[in-house]
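Based on what follows, work out the 3D shape:
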Amino acid sequence: MAGIVFFKTTMLQEIVEFYVSDVGMYVWLEQEDCIILSHGNLLLGFCHRESSDVEGLITFFYPTREDVDAMYEMLSYIATSQPVENEKYQIYQFFAQDPEGRILEFQTFLHPIEPIGF
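The predicted structure follows:
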């Protein structure tokens, strides 16, 4: 099973440009007023609307701490925290915001995890 999380946006082209250029997502599917982006097994859809959905949290996870540090270096201009270990969840993470104010988390698990598949 697969799925897509959709968000309303008032700035479709700017949001797509941010997620493609800055975060490293790929355009998976373009529709009339919606664009679906892919990052590994994560599919995010952004649809142009009169208002924006900015609640919730979008988490991107990576294989290593070095990957998280590399993302922090690239996104430090929008980061709201520095990378830190979170002992409670056994992760290494930092937070940032996209151009519309959605909270983004970039993390790696500090314990073994099962591979994700469809």
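
Distance from the top helix by length along the chain to the middle of the chain?
Ordering each helix of the chain by length in residues (DSSP state H) puts helix 65-75 first. Distance, stretch centre to chain centre, for helix 65-75: 13 Å (CA atoms, centre = their mean, to the nearest Å).

Run through the neighbouring helices and strands of it.
Packing partners of helix 65-75 (3 or more CB pairs under 8 Å, 6 or more residues apart in numbering; DSSP states H and E): strand 91-97, strand 103-109. (Each C-beta comes from the backbone N, C-alpha and C, glycine too.)

From the rest of the structure, what touches the first one?
With CB atoms under 8 Å, 6 or more residues apart in numbering as the contact definition, strand 91-97 has outside contacts at 65, 68, 71-72, 75, 78-86, 103-110.

go again using 10 Å as the cut-off
Strand 91-97 has contacts (CB atoms under 10 Å, 6 or more residues apart in numbering) with 22-23, 54, 57-62, 64-69, 71-72, 75-86, 102-111.

and if you look at the last one?
The contact list for strand 103-109, computed with CB under 10 Å, 6+ apart, reads 19, 23, 54-72, 74-75, 78-81, 83, 86, 89-98.
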